[in-house]
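Chemist: pasting a predicted model and its sequence here:
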Amino acid sequence: MLIEAVLDDVYDKFVEVVDAIVCRILDKKQTCYIQQILQSSHPFDGLQHLKRVKCCKTQEGSVLQTIICLKSQLPEEVTKNHLTLEDLFGKDSAPEMACLLGKPCVVQVPVSAPHTRKQFEEASVYWPVHFHEDKRITNLLNGNYFNKSQEASITRHMTKALEMAKVGKSNNERAVGAVIVDPASDAAIAAAYDLRCQSGHFLKHAVMLCVDLVARSQGGGIWKPQGSMEYLAISDVTGDNTKTDSQPYLCTGYDLYVTQEPCIMCAMALVHSRIRCVFYGTSSPDGALGSRYKLHLQKNLNHHYEVFRGILSKDCETLLGT
């Protein structure tokens, strides 16, 4: 089973390039001295992801090239004509630089730092770049983040969400089910299915009901259970409803399993309730966690959670479509 992490778009981007001005280093022994000059004359601002010097293999052997600056940093009237060292360093410094550097030429270099090994390999075709691999991101991209035991647990909880969706469907509701799990005990603490049709309440999405059930178990909640029409097959959220210091704030540290990708309203409710992680089965055209938006990755939010999709996706799609 492929469990896909819903990550920032930066990990899927193709390498973008920009024109840069480079010169051949005539004497390799002068490389450090040349770099000192360039640091003063052409600071490497915004280009720290690039290595300033590149070793090129030619028929004459290996030669070194160095980046002077981006083409866009030069006046337009200069770049329209054949570039000279005088254009780059000024009339007074050009004679000295002519002893150190060859004629300027234009090459393409990566615009930004690579975030994945694939991007690193693509970027290196153009120009050497710095890259520090994030093993966690690599495992997320390769689908190797969860071990077999964790995958079995994820499947079990999504199966429970599917069971809730089936109950909802049998009651003429939308076939969407949700389960909130405490990963510390690997036990479901709330479960619900969509109740918008029979209740006539457009806020009663399966996710919203689950969050409200957790709030109720902590002495809060806004919707009172009214038999099977409102809440059905809820796992152990009754009992002492008095909130204690040992209880988390709403869904802090909890995971959500839902058969269909949450909408904007539900995704934002999960931010406010401090959910830890969301697993969903099938995507939605208006989904907020990967399809239309990636709300969980908005940097201006004060809480973020991880999102994974594709769990029992075929079963979830089939149930919604029948």
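Modeler: Sure thing, it's come through.

Chemist: what's the longest helix along the chain in contact with?
Modeler: Criterion DSSP state H: the longest helix present in the chain is helix 148-170. By Cβ atoms under 8 Å, 6 or more residues apart in numbering, the residues outside helix 148-170 that reach it are 1, 3, 146, 174-179, 181, 186, 188, 191-195, 206, 232-233, 255, 257-259, 279, 281, 308, 311-312, 315-316, 319. All C-beta atoms are positioned from the backbone trio N, CA, C, and that covers glycine.

Chemist: what about Thr252, which SS state?
Modeler: coil (DSSP: H, G, I helix; E, B strand; the rest coil).

Chemist: pull the contacting residues for Lys294.
Modeler: Lys294 touches Val6, Asp8, Asp9, Ala288, counting by Cβ under 8 Å, 6+ apart.

Chemist: could you list the buried residues of the longest helix of the chain?
Modeler: The neighbour-count check on helix 148-170 (16 or more other Cβ atoms under 10 Å) flags 153-155, 157-158, 160-169 as buried.

Chemist: packing partners for the next helix or strand after that helix?
Modeler: Sequence order places strand 177-182 as the next helix or strand after helix 148-170, per DSSP states H and E. If you count contacts as 3 or more Cβ pairs under 8 Å, 6 or more residues apart in numbering; DSSP states H and E, strand 177-182 packs onto helix 148-170, strand 187-193, helix 206-217, strand 255-260.

Chemist: tell me which other helices or strands the second one touches.
Modeler: Right, the one you point to is strand 187-193. helix 148-170, strand 177-182, helix 206-217.

Chemist: export those to JSON lines and tack on mean pLDDT and distance to His132?
Modeler: What follows is those, written out as JSON lines (pLDDT from 0 to 100; distance: least, Cβ to Cβ, whole Å):
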{"stretch": "helix 148-170", "mean pLDDT": "95", "distance to His132": "27"}
{"stretch": "strand 177-182", "mean pLDDT": "94", "distance to His132": "34"}
{"stretch": "helix 206-217", "mean pLDDT": "91", "distance to His132": "37"}
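
Chemist: minimum distance to Lys13: which of the ones you listed has it?
Modeler: Nearest of these to Lys13, taken as Cβ to Cβ: helix 148-170 at 28.1 Å.

Chemist: tell me how far that closest one lies from the chain's centre.
Modeler: 25 Å (Cα atoms, centre = their mean, to the nearest Å).
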